[in-house]
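> Sequence first, then the predicted structure, then my questions.
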2 protein chains.
Amino acid sequence: MIWKRWSLLHFARKGKGMKEQNNGKQLKYFQIMEDLKEQIISGKIQAGDKLPSENELSQQYQISRQTVRKALAMLQNAGYIYAEHGRGTFCSELVRHTRTSKNIAVVTTYLSDYIFPRVIQGIDSVLTAEGYSIMLKNTRNSRGREAKCLEELLQKDIDGIIIEPSKSQIYCKHMNLYDKLDEYQIPYVFIQGCFSQMKDKPHVLMDDCKGGYMITKYLISLGHKKIAGVFKADDMQGQNRHKGYVMALQEAGILYDPEMVVWYHTEDRKIHPYQCIRDMAETPGIMDAVVCYNDQTAFEVIRALREVGLRIPEDISVTGYDNSRMPNLEGLHLTTIAHPQEKLGEMAAELLLDLMRNGETESAKSVLIEPELVIGNSCIQR
Amino acid sequence: MIWKRWSLLHFARKGKGMKEQNNGKQLKYFQIMEDLKEQIISGKIQAGDKLPSENELSQQYQISRQTVRKALAMLQNAGYIYAEHGRGTFCSELVRHTRTSKNIAVVTTYLSDYIFPRVIQGIDSVLTAEGYSIMLKNTRNSRGREAKCLEELLQKDIDGIIIEPSKSQIYCKHMNLYDKLDEYQIPYVFIQGCFSQMKDKPHVLMDDCKGGYMITKYLISLGHKKIAGVFKADDMQGQNRHKGYVMALQEAGILYDPEMVVWYHTEDRKIHPYQCIRDMAETPGIMDAVVCYNDQTAFEVIRALREVGLRIPEDISVTGYDNSRMPNLEGLHLTTIAHPQEKLGEMAAELLLDLMRNGETESAKSVLIEPELVIGNSCIQR
DNA sequence: TCATATAACTTGTACACACATATTTACAAG
DNA sequence: CTTGTAAATATGTGTGTACAAGTTATATGA
């Protein structure tokens, strides 16, 4: 790296007084620092190795010794190198995560709602037994908060992360933060969902497509033909469950009607499904069953249907997903898909332990959980 | 501070080649740094104050601007000051306890069960807003595990603890660990319960005695006379709720019969209340109502009563405590005492924040929550 | 051969200068 | 009263030099 080009630019600026030239942080001392840091991280310069002397560096890079000193000072401050008066400058013992902080971060969309307590419980039971402590973070399913979480966690002393991505259907805009995790060699495991561009990363999730297929097929087997669907648009699970729903319909020779499907987003989840289903229910006989994204949604749907005077399951069958055993359904047990909850947490924790111990080898395999139908009394033979 | 003396010394050294002269670190940049640091610590320069410009300092101290810059760079690195390009150099907000890890530990008896998710949710909502991260630990209501948790936490970088004591009724055997917390000046807040010997420590809990009194009095007002009780023996809540139960009975002139009370421990909680109530129910007419320690226990009690053919509330009234909205009760809503859950978490978090900011002043007060009766359909007029 | 001086390195301190760039202020034009 | 401009002043970057002081290998002398 020679500074001829920069020098010319530099002096050109003098005369002209350009302004936006120096935005990309192409400061000499910064570049040299980055260059040396890169060599250290890549292993070209190893722990204990002597760096070139200040004068050598100033010749190599064609800059003054003072500037070299500034770069070295920054590296020293960051702990990459140390200087010995009269002897030279040396590469530090890289703290390659030797200090096992025994902290694991768990990032979920929500904390108290729904299935999360049990998932966290499962993670805890495995990790506590191994002496780890759990740091809890939640994103409320917002991308911005997920990015903020990761930034905060990068500042902290953690050995690994279990993360439920927020809005996994939408393309991930902060890949750089995950790259940082890779750079720092902090392993992470996705649960529940996974960004499409990171499918090869370790993850533990359900075969949602198959689940959607199974529950829809079950309704068809009961004689239902006009099956509405309510799905979440902004996460992978919603897409896949919908895909399974469509597959089952097509297999049974039932025409897929997009008008029969309600899509909603995280922000809408409390009102949109409720409103749409209520509107649809105004037209009598338009549907005889509703496949819902999950039990929570099913709860809203049931509320809407009951308010327009329809009985579950006598008039309309309703299915859920996750087997969350929601209260306040007055003796109604949802037909739903089993969610392993604690088991999922345990599997994610064990996968993460494996990653931390052995790195990203073939032994640490992602898990795809087989869905299982749980038959309640919210569906009826037609 | 003028450098005439140093200069003379400096040149004198040149000639003589003295060695031990420079031990006291009378380097110019070091001295200036110390001088400025002293002014900041003493308060002569306060947070936000503008320091003299580099040129002014170089004139004041009669040294070059470069040397001033070195001194300022060190102070900046240490966090005492910050520089703004074109504006000047300013004194930073002095951080009182330098180690602001921004981590808070939350120790509860359980994680996923019952009311804890919502309590944790409440804690999280307050602390996340303030930039803190939550480290989760659970004790499964075991003293040994509580001690182990505290030991682990003492190794870690935390700013405060919110802890639900395990088996708060039994005398605390690991006071030394709490003493250590005091010694390290790590503030902590008790929730739900509090060890008897630490009643003066900050805490957020319910007025359980009053709650037990209220719910028993409610049963009496419905005409019940033979009111059994099921209480937990190993925590403070159980003791207090029992105390309230006795008070209400005595006030109504009903003789307190210890035979009508079932005491159980954490380890027994799933079987003992169930067994005892089942046995008692064998004798017809022995009781017309049961006051339960909490909703979970009420659930077990109801299971036992139903199994011997008794109907709730037609044959026997049952009350709970905590208003946890438990599922699987088939349309039965427990008459219970409201538990603030999220609110309790929030209050504990806010109390802890207060403690961390201001220390143990009189402003940071413990909270005693007023119980509130929630009337369901599990009790009937007799 | 062995101790020692020294030359030839190294990093550390200090200064002087030039120019880049951001902010504030004062003043003039509209 | 607002807007634009220039001057003054602030920190930031980069270079040059000189000397201080620690370390090491080499040459020197008894």
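Great, that's in hand. Numbers count the residues shown, from 1 in each chain, chains lettered A, B, ... in the order given.
> Mark out where each domain of chain A begins and ends.
A:4-91, A:103-206+A:342-369, A:208-340 (automatic domain parsing).
> Next, the distance between the ends of the last one.
As for domain A:208-340, its first-to-last residue distance stands at 13 Å under the measure Cα to Cα, to the nearest Å.
> for that domain, what is the average pLDDT?
Averaged across domain A:208-340, the pLDDT comes to 92.
> swap in the shortest one?
If you average the pLDDT over domain A:4-91, you get 74.
> In the strand or helix carrying residue A:352, which residues are buried?
Using DSSP states H and E, residue A:352 falls within helix A:342-358. Neighbour-count burial for helix A:342-358, counted by 16 or more other Cβ atoms under 10 Å in any protein chain shown, picks out A:342, A:344-356. (Each C-beta comes from the backbone N, C-alpha and C, glycine too.)
> Now tell me what touches it from outside.
A:104, A:118-127, A:130, A:159-162, A:187-189, A:191-192, A:202, A:204, A:206, A:340, A:363-367, A:369, B:112 (Cβ atoms under 8 Å, 6 or more residues apart in numbering or on different chains).
> and the closest residue to residue A:369 other than its chain neighbours, how many neighbours does it have?
Of all residues not flanking residue A:369 in the chain, residue A:206 sits nearest, at 4.6 Å (Cβ to Cβ, 6 or more residues apart in numbering or on different chains). Residues near residue A:206, counting by other Cβ atoms under 10 Å in any protein chain shown, number 26.
> In contact with residue A:206: list those residues for me.
A:192, A:237, A:337, A:339, A:344, A:368-369, A:371.
> Can you tell me how far residue A:369 is from DNA strand C?
53 Å (Cβ to the nearest atom of the strand, to the nearest Å).
> next one: residue A:327
56 Å.
> what's the spacing between stretch A:307-320 and its chain's center?
From the chain centre to the centre of stretch A:307-320 is a distance of 35 Å (Cα atoms, centre = their mean, to the nearest Å).
> and it, how far apart are its ends?
19 Å.
> Contacts for it, please.
By Cβ under 8 Å, 6+ apart, stretch A:307-320 touches A:215, A:218-219, A:222, A:224, A:278, A:281-282, A:287-292, A:294-295, A:297-299, A:301-302, A:305-306, A:332, A:334-337, A:377-380, A:382.
> Could you export the contacts of residue A:206 as a markdown table, including secondary structure?
Formatted as a markdown table, the contacts of residue A:206 follow (DSSP: H, G, I helix; E, B strand; the rest coil):
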| residue | secondary structure |
| --- | --- |
| A:192 | coil |
| A:237 | helix |
| A:337 | strand |
| A:339 | coil |
| A:344 | helix |
| A:368 | strand |
| A:369 | strand |
| A:371 | coil |
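> Drop anything exposed from the residues you listed.
Looks like these have A:192, A:237, A:337, A:339, A:344, A:369, A:371 buried, using 16+ other Cβ under 10 Å.
> which residues of the stretch 51-200 of chain A fall in strands?
A:81-84, A:88-91, A:103-108, A:133-138, A:160-163, A:188-191 (DSSP state E, counting those that start in this stretch).
> In ChimeraX, select just the buried ones from the contacts of helix A:342-358.
Here is the ChimeraX command that picks out the buried ones among those, judged by 16+ other Cβ under 10 Å:
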select /A:104,118,119,120,121,122,123,124,125,126,127,159,160,161,162,187,188,189,191,192,202,204,206,340,364,366,367,369 /B:112
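> Cross the contacts of helix A:342-358 against helices and list the overlap.
A:118-127 (DSSP state H).
> if we take the residues you listed, which one ends up nearest to residue A:61?
Residue A:61 lies nearest to residue A:127 out of the ones in helices among the contacts of helix A:342-358, by Cβ to Cβ, at 47.0 Å.
> ok so, going back, if we check DNA strand D, which of the contacts of helix A:342-358 are in contact?
For DNA strand D, no contacts are drawn from the contacts of helix A:342-358 by Cβ under 7 Å from any atom of the strand.
> How far away from the center of its chain is stretch A:102-110?
11 Å.
> I would like the residues contacting that stretch, please.
A:116, A:119-120, A:123, A:127, A:131-141, A:146, A:149-150, A:153, A:156-164, A:166, A:349, A:352, B:135, B:152, B:156.
> what about residue A:248, helix or strand, and which?
helix A:236-251.
> Can you name the element that comes right after that helix?
strand A:261-264.
> Which residues are in contact with residue A:124?
A:134, A:345, B:111, B:136, B:138.
> buried set for stretch A:127-143?
A:127-128, A:132-143.
> again with stretch A:369-382
A:369, A:371, A:374, A:376, A:378-380.
> Phi and psi next, for the residue of the stretch 1-150 of chain A found nearest DNA strand D.
Nearest residue of the stretch 1-150 of chain A to DNA strand D (Cβ to the nearest atom of the strand) works out as residue A:86 at 2.4 Å. With angles defined as degrees, to the nearest 10, residue A:86 sits at phi 90, psi -20.
> Please report the distance of it from chain B.
14 Å (Cβ to the nearest Cβ, to the nearest Å).
> Residue B:178: which of the domains of chain A is closest?
Across the domains of chain A, closest to residue B:178 is domain A:103-206+A:342-369 (Cβ to Cβ), at 18.9 Å.
> what about the nearest residue to residue A:233 once chain neighbours are set aside, how many neighbours?
Residue nearest to residue A:233 in three dimensions, not counting chain neighbours: residue A:263, with 4.3 Å by Cβ to Cβ, 6+ apart. Burial of residue A:263 is recorded as 18 neighbouring residues (other Cβ under 10 Å).
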